[in-house]
Every structure is written in C-alpha cells, then in structure tokens.
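Novice: Whatever this is, show me its structure:
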Amino acid sequence: MVEVRSIEEKDNQAVGEIVQASLKSRGLNLPGTAYFDPYLFSLYDYYQKPKHAYWVLEKDGRVIGGCGIGPFGESETVGELQKLYISDEEQGSGYAHLLMKKALSFAEEHYGSCYIDTFASLKEANKLYEKYGFEKLDAPIKGSEHNACDTWFYKEFQ
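Specialist: Sure, this is the predicted structure:
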C-alpha cells in the first residue's frame, strides 16, 4: 500500500538520500543541481512557508519518493515543480502520477503557471511532464537556480 502524505521532519534524511542517490546513479551529481541544494536534508522546514508544499510517498512504512511545489524565484504567479524523485527500485510502478496529481492540484490553487527544470537524459520524467500538459521550452526562464539543467518545461493553468 502506497500513501501520499505531507512531509514530516522525520522524512528529511530519507528524501535527501533518495534525491542524491537518483542523481548520482545517472551521473547528474553536479553543481547547479538539487544534489547540492543547501536545504536538501531539511526539506520539512523549507516547505513550511506560504505557497510551499512537499509530499512523500510512503510504502510499507518506508519513504520511497517525494515531490514539492514552491514559488519560482521571487515570482508570485509562477510555481515550480521541485524535487520529484522516486527511489530507483520503485520506479516504473506509476507512483510518479500520484505525486504529479497532488502537486499540480496544489500549484493550480496557488499559481497561474508551473515551471520545471530538468535534464534531457531523464527521458521517462520528461514524458511524464508532457503527459501532464507541460510544454518544452528552448531556454530556462529567468531566475532558474539549477544552472546545470539542460531541459525546461512550462505549464499555464486555465
């Protein structure tokens, strides 16, 4: 049984390890990626701010992934899909859809659009974004913090 729930302080270590392991296994543990985000192992505190939320996937009492929404830079109207990661051994089971639905529902309530920066090499993730109506951009929107990324997506809410 898999449950999607809001992050709790006890989840910080597990989520940080999933993010770092995922990036490292793909050779993406680079400066300018989430791997080096200063708050990676304190996501609970980071997502307590207004218009921020982070959810974890819990399976059999163990955190297997997570996803967040927060403002993009200083924007009041653009939200950012942040740190959508699922542990490698749990990928391919449709769990990312549970997180996407939760995250986009929240984003649509709080923002006029949503942005993602990622890598072209993450083909399955990019297919997921397109399935949920994100359009690929030719360049990052101004203010992107993850300057190592080479692929960007944007979605306007109706």
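
Novice: Please tell me how far residue 117 sits from residue 82.
Specialist: 10 Å (C-beta to C-beta, to the nearest Å). All C-beta atoms are positioned from the backbone trio N, CA, C, and that covers glycine.

Novice: same deal with residue 55?
Specialist: Distance from residue 55 to residue 82, by C-beta to C-beta: 11 Å.

Novice: Residue 135 contacts residue 129, doesn't it?
Specialist: No. Assessed by C-beta atoms under 8 Å, residue 135 is found out of contact with residue 129, at 9.1 Å.

Novice: Same drill for these two, tell me which one is more crowded.
Specialist: Each of residue 135 and residue 129 has its neighbours counted (other C-beta atoms under 10 Å); residue 129 has more, 24 against 11.

Novice: any idea which helix or strand carries that one?
Specialist: Assigned by DSSP states H and E, residue 129 belongs to helix 123-131.

Novice: Which residue ranges of this protein form helices?
Specialist: Ranges of helices in the chain, per DSSP state H, are 12-25, 43-46, 95-110, 123-131.
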